[in-house]
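1. below are the sequence and a predicted model; questions follow.
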Amino acid sequence: MSQSPVAALWRLRPYLRPYRKQLIIMVTAALVVEAADIAVPLVTKSVIDGAIAHHERGLLLPLGLLAIALGALSAGLSLIRRWVQGNAVANMEKDIRDDLYAHLQRLEPAFHDEWQSGQLLSRATTDLGTIRRFMGFGIVFLFISTMTFTAVSALLISLNWWLGLITMAMFVPVFVFCLRFEKKYKVLARRAQDQDGDLTTLVEEAATGVRVLKALGRAPEAADTHYAEADQLSRTRIAMAGVVGWFWSVLTLVPNAVIALAVVLGAVAVSKHAMTVGGLVAYITLGLQLVWPVEALGYILASGEEAATAAQRVVEIFDTDPAITSEAADEEEDHPERVVVPLTAEPRLPAPGHPSIRGVTGGSAPGGKTDHGPDLGHAAHVLFDNVSFSYPGDRRPVLSEVNLEVTRGETLVLTGATGSGKTTLLYLVPRLADVSGGRVLLAGRDVRDIPLPQLRQRVACGFEEATLFSASVRENVTFGAADATEEEIEAALIAAQASFVFELPWGLDTRIGEQGMALSGGQRQRVALARAILSRPEVLILDDPLSALDVQTEERVTRALHEILAGVTAIVVAHRPSTVALGDRVALLDDGVIAAVGSHRELMATDPVYANLMTMEEVAR
Ligand SMILES: Nc1ncnc2c1ncn2[C@@H]1O[C@H](COP(=O)(O)OP(=O)(O)OP(=O)(O)O)[C@@H](O)[C@H]1O
């Protein structure tokens, strides 16, 4: 169950801790400003009752100078407070945002599958902004308003106790009204923030899916959905404005009614000599100072409500624990490595002339070729030991009792009908998902016992949907290998048949990805392939890496891959006979079960399902 909004906001208080000094400066400055503002009416009283009533002209100049000094002090301190406040809350917002981002990165892909990206976006942007505004202004003004209200009330009672008590009594309904407002506004604020998240999702999907929308002629329908969602949000905001409008009008009416009453009753008190004229002027001027704190209460309560619901939405993410962690493994790192399964598999004999991944040559890449074959120092043994898997919230097993061994340096091709579980099986090695039963061993060690950063350094992935980031070609390719040399980057690009990047306007410095130069699907796949190659993994996992390539390019990449894969353990999802031929062995996955394992030739001869699958792929080409 999610926490109450106020409790959620309270939980974020540690983010204020580093800015305690600034908070103290802000509050002190605001208090002095308030004290100066309150003192001015008292100076006025001295001017009227002293300098004017008793014709003491000599008092006029010092009292006038005092009033000016108080005004200047108030202005100067307001400036300081705002500057300190702006700095502190901007930094605090950054701290929460950094932690939120880091937490989102720790959460497994299944979490991101479940959550709408727009909801995450609106929480990381709009909601944090709302929290910042309240932490910066709301909290300080809540404190200052309370102090001002208390001090002014005490002064009013001291000027005339019965008039002061009547004045205070008139504010009681305001507080009752506040409670009712809070109840109503809380519901509306949460609704608006959720609707804002839904709308952000729609806008994001419309932007990323613009081609599909246009191609299928669905743009008008998508626009209608957008208008309907936007309409809902604006209705909620109008309802909020209505509630706030009513609330503020009451908050404005009450203090003004109080002043009007004070004028009438104060005049009676002066006529009965229960109060001086200067006392009445001071009383009314001080009474006017209650207008702002009471009005500010409206803003503070509204922004407090919004901040509390925003905090609730942010805390909901913080409270989602990552299902895939390696805390136990991190602790165990101090101990010697525990090998569960002895490495019985014979490394494949290196073929002459094969380069290592580090010195990948592929085609015309400079250097790197050796006469000694692949360096298997980088290859690891992988074992799927009785693995089963179901997606969270879905009981149907996607994988059942999968037993599969990939020896050091071997290339295993995984094939099977669509939806048979190939991608899911690949996810289990770098722990993008965790097994539901059984275990996956990397070099004899359960992957869950390997610290995640280490595991993901040892296992590199190239996905069918090649994701490139808004960055240069170089930055994209070196994502998993920051220390790669220029020669290694070039060699990886050449090996992946991605030499076209050298012809881009700024070569490897050309920005590609979402905000950069548009690349074709096949070009993106090859850049992503170069990235996977360059990270020098022990295990290379490629999910249908050549699906977007034409026949000639596919043939060239396949030839290059042949060399690259020789020095690494690889699991490659493939459908076409030409790519399947990359593998030393082929495993056929049928509805989550390993149906056959063998060489392409063996399976063609002995397994009708496999033969049928390959023939259909060939025909489909
Ligand atoms: N995030 C998810 N949540 C629930 N079920 C999922 C999820 N991802 C995949 N599945 C289901 O798991 C099954 C296996 O999917 P998977 O992507 O592993 O198949 P595949 O063999 O790689 O398919 P393809 O060849 O089409 O890529 C499918 O039935 C799919 O609907």
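-> Sure, I can see it.
2. stretch 156-172: which residues count as buried?
-> 156, 159, 160, 163, 164, 167, 168 (16 or more other CB atoms under 10 Å). (Each C-beta comes from the backbone N, C-alpha and C, glycine too.)
3. need the contact partners of whichever strand or helix holds residue 571.
-> Using DSSP states H and E, residue 571 sits within strand 569-573. With contact meaning CB atoms under 8 Å, 6 or more residues apart in numbering, strand 569-573 is reached by 379-382, 406-415, 422-423, 426, 429, 464, 538-545, 565, 579, 582-583.
4. indicate each strand paired with that strand and its parallel or antiparallel sense.
-> The strands beside strand 569-573 in its sheet (DSSP bridges) come out as strand 411-416 (parallel), strand 539-543 (parallel).
5. rewinding a little: just the contacts of strand 569-573 that are near the ligand?
-> Among the contacts of strand 569-573, the ones lying close to the ligand by the criterion of CB under 6 Å from any ligand atom are 422, 423.
6. so which bits of the stretch 151-300 of the chain are right by the ligand?
-> So the stretch 151-300 of the chain never meets the ligand (CB under 6 Å from any ligand atom).
7. could you pull out the helices in the stretch 151-300 of the chain for me?
-> 161-169, 172-208, 210-215, 219-271, 277-288, 291-318 (DSSP state H, counting those that start in this stretch).
8. as TSV, those with mean pLDDT would be great.
-> Listed next are these as TSV, based on pLDDT from 0 to 100:
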stretch	mean pLDDT
helix 161-169	84
helix 172-208	85
helix 210-215	76
helix 219-271	87
helix 277-288	83
helix 291-318	85
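9. any chance of those helices in JSON lines, plus distance to residue 570?
-> Converted to JSON lines, the helices of the stretch 151-300 of the chain look like this (distance: least, CB to CB, whole Å):
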{"stretch": "helix 161-169", "distance to residue 570": "80"}
{"stretch": "helix 172-208", "distance to residue 570": "31"}
{"stretch": "helix 210-215", "distance to residue 570": "33"}
{"stretch": "helix 219-271", "distance to residue 570": "41"}
{"stretch": "helix 277-288", "distance to residue 570": "79"}
{"stretch": "helix 291-318", "distance to residue 570": "36"}
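10. so for residue 48, which of these sits nearest?
-> Nearest of the helices of the stretch 151-300 of the chain to residue 48, taken as CB to CB: helix 277-288 at 3.5 Å.
11. buried sites along stretch 64-79?
-> 67, 70, 73, 74, 77.
12. out of the residues you listed, who's nearest residue 487?
-> residue 77 (61.6 Å).
13. ok, that closest one to residue 289 distance?
-> Residue 77 sits 17 Å away from residue 289, going by CB to CB, to the nearest Å.
14. assign the residue nearest the centre of the chain to helix, strand or coil.
-> Centroid-nearest residue in the chain, with CA atoms, centre = their mean: residue 101, separated by 4.2 Å. Secondary structure, DSSP: H, G, I helix; E, B strand; the rest coil: residue 101 is helix.
15. let me see the contact set for it.
-> Contacts of residue 101 by CB under 8 Å, 6+ apart are residue 124.
16. follow-up on the earlier one: nearest to the ligand, out of the buried residues of stretch 156-172: which one, please.
-> residue 168 (60.9 Å; CB to the nearest ligand atom).
17. surely that closest one touches residue 153?
-> Yes - Residue 168 lies in contact with residue 153 (CB atoms under 8 Å); the separation is 5.6 Å.
18. for the two, list the residues in contact with both.
-> In contact with both residue 168 and residue 153: no residue, using CB under 8 Å, 6+ apart.
19. quick one: which helix or strand includes residue 438?
-> strand 437-442.
20. same check on residue 397?
-> Secondary structure (DSSP H and E) places residue 397 outside all helices and strands.
21. which residues touch it?
-> 388, 389, 390, 436, 592.
22. need the pLDDT of it.
-> Looking at residue 397, its pLDDT is 92.
23. next: residue 331.
-> Reported pLDDT for residue 331: 57.
24. again, but for residue 540
-> In this model, residue 540 carries a pLDDT of 89.
25. circling back: name every strand pairing with the helix or strand just after the strand holding residue 438 and say which way it goes.
-> For strand 437-442, the following helix or strand on the C-terminal side (DSSP H and E) is strand 445-446. Strands adjacent to strand 445-446 in the sheet, as given by DSSP bridges, are strand 437-442 (antiparallel).
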